[in-house]
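Provided below are the primary sequence and the corresponding predicted coordinates.
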Amino acid sequence: MKIKFVLTLFFFSSIVFSQVKDSTNLVYKKRVLEGIEVDFLLSYYKQDGLHSSVSGGLGSEKLTDLASNITVSIPLNDDNILTVDAGISAYTSASSSNINPFNASGASGAGGDDDDDDGRVSTGPWGTPWQASSGASAQDALASFVINYSHNSDDRNFIWNADLAFSNEYDYTSIGFGGGVSKLFNNKNTEISLKANVYLDQWRPIYPTELHEFGTYGLNFQNNGFFSGITILDQSGNTTTSYLPNKFKNWDATNRNSYSASLGFSQVATKRMQFSLFFDLLQQEGMLSSPYHRIYFADKANYYIGQAQYISVYETAQNNGVYRLADDIERLPSTRFKIPFGSRLNYYVNERLTLRTYYRYYWDDWGITSHTASIELPIKLSDKFTVSPTYRYYTQQSSKYFAPYETHLSTENYYTSDYDLSTFNAHQYGLGVSYTDIFANANIWKFGLKNIDFRFNHYDRNDGLNANIVTIGFKFVQQ
């Protein structure tokens with residue numbers, strides 16, 4: 001499954017250069033990278049919230065993710081570097097588990113009475129948006145691989161690079177490629193960069209159980225497959241055969257293509273201050289909706305599977321045994337155009353303190369606008385230890401296609417109840433601790449430990465979503 005909350009990893013590298021002339025006027029170059037460097041990153045992420053997109057904008061958003069990443073930079077010669085980046089991320093999610101919520105009872109079809117651990121007696125399958133199902137979609141793993149080749153000119157004032165990327169998870173595959181160039185001027189105090197990337201992605205759509213069955217068997221779906229012998233309830237808890245999600249249809253084209261171009265400008269303004277500007281253009285085409293995000297229409301009747309006594313408290317965490325059947329899935333336009341631009345400013349206060357600031361403005365043609373601002377204050381405690389308190393603020397105006405649970409009308413062409421596309425504000429607080437050994441005295445085999453970075457961040461969104469992420473990174477250099 002695609003994880004909605006997006007997880008961000010930062011990698012830092014430096015280019016060292018010098019020129020020495022001897023009496024014969026020959027030029028000797030220092031290698032761009034002296035030896036192999038290895039970065040290893042491990043992160044743990046945990047979130048909770050109240051607005052599951054899989055359940056149409058309500059229900060548990062509990063999610064845990066464990067990710068690891070290794071980056072190996074290899075100098076091919078004085079000028080060229082090959083970088084290989086591989087990662088794997090494994091997660092469990094209460095939200096995505098409810099693509100098929102009816103595994104909560106341990107049943108996949110009609111069944112007899114059974115006593116559950118909490119004393120309830122259930123007939124047939126039941127589920128609830130407020131707890132995880134035991135279905136296959138409750139967990140998934142994402143594997144990614146990126147290879148990058150970069151070349152530096154003899155005077156180190158021109159750099160070009162090319163990259164190839166691949167990632168795969170259960171229902172989604174992405175292939176990407178791109179490249180860029182950078183030019184340095186003014187004794188390397190000014191840099192202009194340009195890069196472009198293309199991603200050609202492919203969905204293998206997974207639909208909510210009730211809509212999958214309708215798409216498979218058509219109007220006779222209640223007599224076949226999962227629904228054979230299943231009791232459907234109306235809003236009053238009475239048995240009915242009237243449920244008919246006739247607006248649903250399978251996606252015909254399941255590709256998603258993304259194209260991006262970025263322009264960057266960096267300037268060393270003074271001995272203490274450096275700033276940079278960036279401007280991006282991004283275009284997406286294809287299947288931009290998530291096929292497992294349910295939609296409930298305000299002008300359609302309600303239908304359920306489960307235990308009738310919980311219908312009256314369906315929208316609260318007191319609902320322990322009934323799940324509402326979807327009217328359709330999220331439908332969004334097949335194109336999206338995005339424009340982010342922003343700046344960074346770093347200021348060296350003194351030998352102990354540096355100020356790092358960031359701002360970004362974002363606009364897209366789905367109606368979303370946002371502002372991001374952050375500040376980081378690295379404080380050097382000693383030659384080896386640095387602590388870095390951080391704060392980030394984010395505010396967003398919603399997409400014109402967003403509406404909360406059971407608010408959209410069936411007459412609309414586009415609709416989503418994904419709160420990532422809603423109006424919200426968010427605060428993120430963090431603290432980093434870095435240990436650096438410039439001599440890399442600690443060794444593992446032929447590699448010295450250059451530095452260790454530890455970071456903790458807490459994220460709060462005013463719609464009820466909150467998260468914590470812990471990361472630890474190690475850098476090793478070839479001795």
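That came through, no problem. Residues are numbered from 1 along each chain as shown.

quick one, what contacts the nearest residue to L288 once chain neighbours are set aside?
Nearest non-adjacent residue to L288, counting by CB to CB, 6 or more residues apart in numbering: L332, 5.2 Å away. From N, CA and C alone the C-beta is placed, and that goes for glycine too. Residues counted as contacts of L332 (CB atoms under 8 Å, 6 or more residues apart in numbering) are L288, S289, W366, Y401, Y414, T416.

do T471 as well
L9, L41, L42, S43, Y44, D453, F454, R455.

now do 6 Å
S43, R455 (CB atoms under 6 Å, 6 or more residues apart in numbering).

What ranges does the stretch 251-400 of the chain have for its strands?
Residue ranges of the strands in the stretch 251-400 of the chain, as given by DSSP state E, counting those that start in this stretch, are 255-268, 273-286, 294-295, 303-306, 322-324, 328-329, 335-348, 354-364, 369-376, 379-380, 385-397.

Dump those to CSV, plus distance to A426 and mean neighbour count.
Formatted as CSV, the strands of the stretch 251-400 of the chain follow (distance: least, CB to CB, whole Å; neighbours: other CB atoms under 10 Å):
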stretch, distance to A426, mean neighbour count
strand 255-268, 24, 16
strand 273-286, 21, 16
strand 294-295, 24, 29
strand 303-306, 33, 24
strand 322-324, 29, 27
strand 328-329, 26, 24
strand 335-348, 17, 15
strand 354-364, 14, 16
strand 369-376, 9, 16
strand 379-380, 25, 15
strand 385-397, 4, 16
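
looking at those strands, which is closest to H408?
strand 294-295 (6.0 Å; CB to CB).

Direction included, what does that closest one pair against?
Strands adjacent to strand 294-295 in the sheet, as given by DSSP bridges, are strand 328-329 (antiparallel).

ok, back up a step: can I get the strands of the stretch 251-400 of the chain in CSV including distance to S144?
CSV is the format used below for those (distance: least, CB to CB, whole Å):
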stretch, distance to S144
strand 255-268, 15
strand 273-286, 19
strand 294-295, 28
strand 303-306, 37
strand 322-324, 33
strand 328-329, 26
strand 335-348, 22
strand 354-364, 24
strand 369-376, 24
strand 379-380, 34
strand 385-397, 24
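
now these in JSON lines, with mean pLDDT?
Putting the strands of the stretch 251-400 of the chain into JSON lines (pLDDT from 0 to 100) gives the following:
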{"stretch": "strand 255-268", "mean pLDDT": "98"}
{"stretch": "strand 273-286", "mean pLDDT": "98"}
{"stretch": "strand 294-295", "mean pLDDT": "98"}
{"stretch": "strand 303-306", "mean pLDDT": "96"}
{"stretch": "strand 322-324", "mean pLDDT": "96"}
{"stretch": "strand 328-329", "mean pLDDT": "98"}
{"stretch": "strand 335-348", "mean pLDDT": "98"}
{"stretch": "strand 354-364", "mean pLDDT": "98"}
{"stretch": "strand 369-376", "mean pLDDT": "98"}
{"stretch": "strand 379-380", "mean pLDDT": "97"}
{"stretch": "strand 385-397", "mean pLDDT": "98"}
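
Among the ones you listed, single out whichever gets nearest to P75.
That would be strand 255-268 among the strands of the stretch 251-400 of the chain, by CB to CB, at 23.8 Å.

Below-threshold pLDDT in this protein: ranges please.
Flagging of the chain using pLDDT under 70 yields the residue ranges 1-28, 104-124, 135-137, 440.

what about the longest helix in it?
The longest helix of the chain (DSSP state H) is helix 209-217.

need the strands for the stretch 101-250 of the chain, in chain order.
113-115, 121-123, 139-152, 158-169, 172-185, 190-203, 233-234.

Hmm, N161 is touching S150, no?
Yes - counting by CB atoms under 6 Å, N161 does reach S150; the two are 3.8 Å apart.

what about those two, which has more around it?
S150 (23 against 18; other CB atoms under 10 Å).

where's that one relative to K183, distance?
S150 is 14 Å from K183, where distance means CB to CB, to the nearest Å.

Repeat that for R336.
31 Å.

again with S96
Taken as CB to CB, the span from S96 to K183 is 45 Å.

out of these two, which sits in the busier spot?
S96 (29 against 14).

Which helix or which strand is home to that one?
helix 94-97 (DSSP states H and E).

give me the beta-bridge partners of the closest residue to N466 other than its chain neighbours?
Leaving out its chain neighbours, the residue that sits closest to N466 by CB to CB, 6+ apart is D460, at 5.2 Å. Beta-bridge partners for D460, by DSSP bridges, are H427, N466.

Same question for D163.
Bridge pairing for D163 - DSSP bridges - gives N148, G178.

can I assume L281 is in contact with A261?
Yes - at 5.0 Å, L281 and A261 qualify as touching, with contact defined as CB under 6 Å.

just the buried members of the contacts of L332?
Buried members of those, counted by 16 or more other CB atoms under 10 Å: L288, S289, W366, Y401, T416.

Closest one of those residues to F476?
F476 has its nearest neighbour among these in L288, at 40.2 Å by CB to CB.

Switch the buried ones among the contacts of L332 over to a markdown table; also include distance to I469.
What follows is the buried ones among the contacts of L332, written out as a markdown table (distance: CB to CB, whole Å):
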| residue | distance to I469 |
| --- | --- |
| L288 | 26 |
| S289 | 27 |
| W366 | 27 |
| Y401 | 29 |
| T416 | 26 |
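
Only the buried residues of whichever strand or helix holds V38, if you could.
Using DSSP H and E, V38 sits in strand 37-48. For strand 37-48, a neighbour-count test (16+ other CB under 10 Å) marks E37, V38, D39, L41, S43, Y45, Q47 as buried.

Ok, stretch 304-313 next?
Neighbour-count burial for stretch 304-313, counted by 16+ other CB under 10 Å, picks out Y304, I305, G306, Q307, A308, Y310, I311.

Just give me the closest of the residues you listed to G218.
Nearest to G218 among these: I305, at 19.5 Å, using CB to CB.

wait, what's in contact with the closest one?
Residues near I305 by CB under 6 Å, 6+ apart: Y323.

Apply 8 Å and report the result again.
Counting by CB under 8 Å, 6+ apart, I305 has contacts 102, 124-127, 210, 230-233, 322-323, 325.

Same question for V146.
T83, V84, D85, A86, D163, L164, A165, F166.

and those as JSON lines, adding neighbour count and distance to Y362?
Formatted as JSON lines, the contacts of V146 follow (neighbours: other CB atoms under 10 Å; distance: CB to CB, whole Å):
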{"residue": "T83", "neighbour count": "20", "distance to Y362": "28"}
{"residue": "V84", "neighbour count": "13", "distance to Y362": "31"}
{"residue": "D85", "neighbour count": "19", "distance to Y362": "26"}
{"residue": "A86", "neighbour count": "14", "distance to Y362": "30"}
{"residue": "D163", "neighbour count": "18", "distance to Y362": "24"}
{"residue": "L164", "neighbour count": "14", "distance to Y362": "27"}
{"residue": "A165", "neighbour count": "18", "distance to Y362": "23"}
{"residue": "F166", "neighbour count": "14", "distance to Y362": "27"}
